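Visitor: Would you be able to build a 3D model of this:
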Amino acid sequence: DRLHRRAQGNQNGKLLITDMIEGQKRAAGLATIAVEDYWMHWMQRWMMEKLGFQSISSFKLKHRTYKKGQCFTAHLMWLPITARSTPPTWNKVQLLDGVIFCPSHPLYWGKYGCAKSGLRHVYECC
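Guide: Presented below is the predicted three-dimensional model:
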């Protein structure tokens with residue numbers, strides 16, 4: 001689980017977070033999803049924690065058509081910007097649908113998911 005050698009140690013993640021905060025002056029905080037024990041190197045929990053995010057909620061999932069039986073944990077990550085920020089919540093049932101907008105997202109279902117299998121929910125709780 002490592003960044004590409006050319007990207008390591010260049011503070012790219014911190015620069016991105018700083019730019020996001022600067023671009024959203026009225027935002028109370030930033031939220032994202034991170035994964036743990038996932039088979040691909042994408043938005044791992046430890047990476048987000050290194051950038052200052054904290055896990056505020058999590059649950060275990062498994063893919064119903066790909067890598068059957070292999071569980072991973074999805075984390076709702078939160079980085080408060082203001083002192084009075086309220087952490088977000090998530091709809092776990094909706095999250096089980098996966099995402100269709102980003103082929104590199106860990107919850108993307110296009111290649112192995114609903115389109116081919118006809119499933120409504122491509123993920124299920126472990």
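
Visitor: show me the contacts for Ile33.
Guide: By CB atoms under 8 Å, 6 or more residues apart in numbering, the residues touching Ile33 are Met43, Ala74, His75, Leu76, Met77, Pro106, Leu107. For every residue, glycine as well, the C-beta is placed using N, CA and C.

Visitor: burial of the fifth one, as a residue count?
Guide: Yep, that's Met77 we're talking about. Other residues near Met77 come to 24 when the count uses other CB atoms under 10 Å.

Visitor: Skipping its backbone neighbours, what lies nearest it in space?
Guide: Phe53 (4.0 Å; CB to CB, 6 or more residues apart in numbering).

Visitor: is it true that the one you found touches Leu79?
Guide: Yes. Assessed by CB atoms under 8 Å, Phe53 is found in contact with Leu79 at 4.6 Å.

Visitor: Overlap of the contact sets of the two?
Guide: Common contact partners of Phe53 and Leu79 (CB under 8 Å, 6+ apart): Leu30.

Visitor: out of these two, which sits in the more crowded spot?
Guide: Neighbours per residue, other CB under 10 Å: of Phe53 and Leu79, the larger number sits with Phe53, 22 against 19.
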